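# This is a predicted model, with the sequence first.
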Amino acid sequence: MLIQQLFSPSGLLGGALIGLAATLLLVTQGRIAGVSGIFAGLWSRRDPERMWRWWFVAGLVAGGIVAAALLPDAFGRVADHSWPWMAAAGLLVGVGTRMAGGCTSGHGICGNSRFSRRSAVATATFIASGVVAVAATRGLLGGA
């Protein structure tokens with residue numbers, strides 16, 4: 001019973017698809033599927049490879065829309081925080097991503113699979129920071 005709570009078929013499928021997408025991007029474009037780097041490249045006027053970045057981001061958005069339509073219960077509850085709080089949180093994630101030299105997808109999925117020491121340290125830092133943030137949120141703000 002506990003194993004079913006920890007590992008759902010949708011999570012397994014989603015993880016496999018992320019791995020497949022990261023592999024295809026590396027094999028076909030020679031690029032790492034770090035979403036923050038891909039997203040940052042959308043706004044660069046000098047990047048001649050912006051088109052594949054737009055397609056990648058469009059695929060992420062379209063995939064989320066399709067998944068929400070087909071499996072609405074897979075997304076859990078909707079956050080009940082205000083837009084300013086969510087915007088501030090997104091900004092802090094972006095700042096942290098720049099400070100870490102990449103995002104969780106770049107380091108956690110692509111970097112660790114290439115045995116990058118830098119990515120191992122970054123991933124451990126992401127996880128530890130998440131644990132501290134949850135503990136602080138639950139302890140200080142009474143979040144669930």
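Arrived safely, thanks for sending.
# biggest helix in this protein by residues?
Counting residues, the longest helix in the chain under DSSP state H turns out to be helix 117-140.
# Dead centre of the protein: give me the residue that sits there.
residue 105 (5.0 Å; CA atoms, centre = their mean).
# Next one: the spatially closest residue to it that is not a sequence neighbour from residue 104, what distance?
Closest residue to residue 105 apart from its sequence neighbours, by CB to CB, 6 or more residues apart in numbering: residue 35 at 4.8 Å. Any C-beta I mention is one placed from the backbone N, CA and C, and that applies to glycine too. Distance of residue 35 to residue 104, computed by CB to CB, to the nearest Å: 8 Å.
# Please apply the same query to residue 44.
Distance, residue 44 to residue 104, using CB to CB: 22 Å.
# What of residue 49?
Look at residue 49 and residue 104: by CB to CB, they are 23 Å apart.
# between the two, which one's more packed in?
residue 104 (19 against 11; other CB atoms under 10 Å).
# What is the burial count for residue 102?
22.
# That one contacts residue 36, doesn't it?
Yes: Residue 102 lies in contact with residue 36 (CB atoms under 8 Å); the separation is 6.3 Å.
# With adjacent residues omitted, what lies nearest to residue 100?
Spatially, and ignoring its direct neighbours in sequence, residue 100 is nearest to residue 122 (5.1 Å; CB to CB, 6+ apart).
# how about the helices in the chain?
Using DSSP H, the helices found in the chain span residues 2-6, 9-29, 35-42, 50-70, 83-100, 104, 112-113, 117-140.
# Comparing those, which comes out most buried?
With neighbours defined as mean count of other CB atoms under 10 Å, those peak in mean count at helix 104, which reaches a mean of 19.
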